[in-house]
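Enquirer: Test case, fold it:
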Amino acid sequence: MSKINLDQSKNEDAMKLALGALQRKLEAIHLGGGQSRLEKHRSKGKMTARERIDYLKDDASDFLEIGSFAAYEMYEESGGCPAAGVITGMTHIAGRLCMIVANDATVKAGAWFPMTGKKNLRAQEIAMENCIPIIYLVDSAGVFLPMQDEIFPDKEHFGRTFRNNAVMSSKGIPQIAAIMGSCVAGGAYLPIMSDESLIVEGTGSIFLAGPYLVKAAIGEQVDQETLGGAETQTAVSGVVDYKCKDDAECLDTIRDLIDKLGHKEKAGLDRTDPEPGGYEVNKIYEIFPQERTKPYKSRELLKWLVDDGQWTEYKQSYGQTIICAYARIEGWSVGIVLNNREVVKSAKGEMQFGGVIYSDSADKTARFIMLCNQKKIPLIFLHDVTGFMVGSRSEHGGIIKDGAKMVSAVSNSTVPKISVVIGNSYGAGNYAMCGRAYDPRFLFAWPTAKIAVMGGSQAAKVLMQIQVASLKARGKEPTEKEQDELFERISSKYEKETTPYYAAARMWVDEIIDPADTRKIIATSLEAANNAPVEKFNVGVIQT
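Expert: Presented below is the predicted three-dimensional model:
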């Protein structure tokens, strides 16, 4: 076997191992509160949250889940909170792409943890940015009281959800809420601040205070159904619009409501008939290297990604550590910004390291971003970046100014931006390549992603030097063995914090995806983005 084939085989094996680990984690998350709680939930005549989504979506439609790993390995002292106790994602319902937010009542009765709030807000943000309908399948006990100080009072906490309800309604973004279980206290505002609401007989209830609190507050003795059951809230109070006999009828009614929606102005993104990529789908497993420090042919990855393996490259011979190209993905016209991981030689004869942003590549990319905005072409950022070049030559050449130009172009860009972290995404390189702080419409990560202020080894060395210096200042001289142990401890902690799972747990990325699904997921994201008109692009001072 040739060295090239051996490397490809090693790359494929490493990626498949990573995907196997990803799948095992997802299988555990999809069980929610566990098999026994799922069965207990069904015994009440209720579908589980995932069963409700499967029933609601069109038969042939995929469900692009957002935030599967939210709260992953967090809240362990409270028993954990798989998927943050709420399932969110996009799918087609009656032919229309919609966002779904479904409380998982098998996880702490669907109570809101801090990450539950963050995940709900992210789902609403996606619906608002892309002007797509949002459907809430409500089955929640409300705020998780032991952590109320981390979920209730701040700007991006629980109350922001209802503010977003009002904003979306004013913008004409359809919101439909189904009360399919408990809906209590402040959470009762979400379905009623939606445009239309439904409730399931026998299992659905909605009130500001439950029977126990009513008894404690005013001394009134009242049962749950009389207080806020389906009959009360549809026939007596008129708070809810539709009464349904069971989950199936409720979900059928939602499909019927979505089916009757009118159509609005779209972004006008260009799309032709889709073509397959330049290589078979699984070829990406061979292309992407097992060893993350090794250079590789980034244009091979580009050929795999784009329709028919064809693209038009912008300024190919200039600023070569970033590849900028016009292409199509599943028929959609896109501008691609891809970090080039090959070592290249500049026109001046200088060697440039792959994955590093130099002044010329930053300048080129800023211009390309502005051109895409002028042409109404959405931008796809593929991260494998270690940061901006440092050193006296770069500083004298104005790397800060050119880097600021690129960051400014990304910041002010108004066409849809979609980011995929395929490898490293370090430091200011994360910002320039449209990391979370720069409002990509969607942000995905491969299992090979690393997100941090710098690489693990460099960071561990810096942190160790600081701690050793601190010990010496206090008159404690650590032995070589103690220094090695300190380095290992720091390195292990830092490496864990750079993994895609750590990032996804905190919603720094929307989802960890199989690389083979990248084309399909980008296409779904662009379909969503095409529902929102594009604002005018304004050039800032730094970009001129």
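
Enquirer: In this structure Val167 contacts Glu129, no?
Expert: No: applying CB atoms under 8 Å as the test, Val167 and Glu129 come out as separate, 11.8 Å apart. The C-beta positions use only the backbone N, C-alpha and C, and glycine is treated the same way.

Enquirer: the more surrounded of those two?
Expert: A count of neighbours by other CB atoms under 10 Å puts Glu129 above the other of Val167 and Glu129, at 18 against 13.

Enquirer: Tell me the secondary structure at that one.
Expert: Secondary structure, DSSP: H, G, I helix; E, B strand; the rest coil: Glu129 is helix.

Enquirer: residues contacting the nearest residue to it once chain neighbours are set aside?
Expert: Nearest residue to Glu129 in three dimensions, chain neighbours excluded: Arg441, at 5.8 Å (CB to CB, 6 or more residues apart in numbering). Counting by CB atoms under 8 Å, 6 or more residues apart in numbering, Arg441 touches 126, 129-130, 416-418, 525, 528-529.

Enquirer: Let's see which of those residues end up in helices.
Expert: Per DSSP state H, helices hold the following members of the contacts of Arg441: 126, 129-130, 525, 528-529.

Enquirer: For those residues, which two are the farthest from each other?
Expert: Largest separation among those by CB to CB: Glu129 and Ser525, giving 11.0 Å.

Enquirer: Now do the buried residues in the longest helix seen in the chain.
Expert: Counting by DSSP H, the longest helix found in the chain is helix 3-30. Residues of helix 3-30 classed as buried by neighbour count (16 or more other CB atoms under 10 Å): 7-8, 11-12, 14-15, 18-19, 22, 25, 29-30.

Enquirer: Any chance of TSV for the residues you listed, columns pLDDT?
Expert: Shown next, in TSV, are the buried residues of helix 3-30 (pLDDT from 0 to 100):
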residue	pLDDT
Asp7	83
Gln8	88
Asn11	93
Glu12	95
Ala14	95
Met15	96
Ala18	96
Leu19	97
Leu22	98
Lys25	98
Ile29	97
His30	97
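
Enquirer: What distance do you get for the residue in the chain sticking out farthest from the centre to Glu482?
Expert: Most distant residue from the mean C-alpha position of the chain: Gly475, 47.4 Å away (CA atoms, centre = their mean). Applying CB to CB, to the nearest Å, the value for Gly475 to Glu482 is 15 Å.

Enquirer: Contacts only, for the closest residue to Pro82 other than its chain neighbours.
Expert: Leaving out its chain neighbours, the residue that sits closest to Pro82 by CB to CB, 6+ apart is Ile29, at 4.8 Å. Applying CB under 8 Å, 6+ apart to Ile29 gives the contacts 68-69, 72, 82-83.

Enquirer: Okay, Ile29 and Gly181: tell me how far apart.
Expert: Distance from Ile29 to Gly181, by CB to CB: 20 Å.

Enquirer: Repeat that for Lys243.
Expert: Distance of Lys243 to Gly181, computed by CB to CB: 15 Å.

Enquirer: Output the contacting helices and strands for the helix or strand of the chain with the lowest mean pLDDT.
Expert: Lowest by mean pLDDT, DSSP states H and E among the helices and strands of the chain is helix 456-473, with a mean of 72. Contact here means 3 or more CB pairs under 8 Å, 6 or more residues apart in numbering; DSSP states H and E; on that basis helix 456-473 packs against helix 480-497.

Enquirer: and the helix it packs on, what other elements does it pack with?
Expert: If contacts are counted by 3+ CB pairs under 8 Å, 6+ apart, helix 480-497 sits against helix 456-473.

Enquirer: Using CSV, write out every CA atom in the helix it packs on.
Expert: Taking Å, rounded to 0.1, in the frame of the first residue of the first chain, the C-alpha atoms of helix 456-473 are listed here in CSV:
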residue,chain,number,x,y,z
GLY,A,456,-3.7,23.4,23.9
SER,A,457,0.0,22.9,24.1
GLN,A,458,0.9,26.6,23.8
ALA,A,459,-1.8,27.5,26.3
ALA,A,460,-0.7,24.9,28.8
LYS,A,461,2.9,26.1,28.6
VAL,A,462,1.9,29.7,29.2
LEU,A,463,-0.4,28.9,32.1
MET,A,464,2.3,26.6,33.6
GLN,A,465,4.9,29.3,33.4
ILE,A,466,2.6,31.8,35.2
GLN,A,467,1.8,29.3,38.0
VAL,A,468,5.4,28.3,38.4
ALA,A,469,6.4,32.0,38.6
SER,A,470,3.7,32.6,41.2
LEU,A,471,5.0,29.6,43.3
LYS,A,472,8.6,30.9,43.1
ALA,A,473,7.5,34.4,44.1
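
Enquirer: Let me see the residues that make contact with it.
Expert: By CB under 8 Å, 6+ apart, helix 456-473 touches 450, 452-454, 477-478, 483, 486-487, 490-491, 494-495, 498.

Enquirer: could you give the angle of it to helix 480-497?
Expert: On the basis of axes from the mean of the first three to the mean of the last three CA atoms, to 10 degrees, helix 456-473 is oriented at 140 degrees to helix 480-497.

Enquirer: Please compute how far helix 456-473 lies from its chain's middle.
Expert: 33 Å (CA atoms, centre = their mean, to the nearest Å).

Enquirer: With stretch 125-133 instead?
Expert: Its chain's C-alpha centre and that of stretch 125-133 lie 14 Å apart, by CA atoms, centre = their mean.

Enquirer: What lies in contact with that stretch?
Expert: With CB under 8 Å, 6+ apart as the test, stretch 125-133 has contacts from 66, 90, 93, 96-99, 134, 164, 167-168, 171, 173-176, 258, 261, 264, 441-442, 528-529, 531-533.

Enquirer: hmm, try it at 7 Å
Expert: The list of residues contacting stretch 125-133 from outside it, by CB atoms under 7 Å, 6 or more residues apart in numbering, reads 66, 96-99, 134, 164, 167-168, 173-174, 258, 261, 264, 441, 528-529, 531-532.

Enquirer: Please apply the same query to stretch 258-277.
Expert: If you take CB under 7 Å, 6+ apart as the criterion, stretch 258-277 is touched by 93-94, 96, 98, 131, 133, 174, 304-309, 328, 330-333, 376, 378, 519, 526, 529-534.

Enquirer: Narrow these to those that are buried.
Expert: Among the contacts of stretch 258-277, the ones that count as buried by 16+ other CB under 10 Å are 93-94, 96, 98, 131, 133, 174, 304-307, 309, 328, 330, 332-333, 376, 378, 519, 526, 529-532, 534.

Enquirer: Out of these, name the ones that lie in helices.
Expert: Cross-referencing the buried ones among the contacts of stretch 258-277 against helices under DSSP H gives 304-305, 519, 526, 529.

Enquirer: Dump those residues to JSON lines, plus pLDDT.
Expert: Putting those into JSON lines (pLDDT from 0 to 100) gives the following:
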{"residue": "Trp304", "pLDDT": "97"}
{"residue": "Leu305", "pLDDT": "98"}
{"residue": "Arg519", "pLDDT": "98"}
{"residue": "Leu526", "pLDDT": "98"}
{"residue": "Ala529", "pLDDT": "98"}
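
Enquirer: What is the most widely separated pair among those?
Expert: With CB to CB as the measure, no two of those lie farther apart than Trp304 and Ala529, at 22.6 Å.

Enquirer: Ends of stretch 378-394, what's the gap?
Expert: The first residue of stretch 378-394 is 31 Å away from its last residue (CA to CA, to the nearest Å).

Enquirer: I should have written stretch 388-402 there, sorry.
Expert: End-to-end distance for stretch 388-402, by CA to CA: 10 Å.

Enquirer: Report the buried residues of it.
Expert: Using 16+ other CB under 10 Å as the test for burial, stretch 388-402 gives 388-389, 394, 399, 402.
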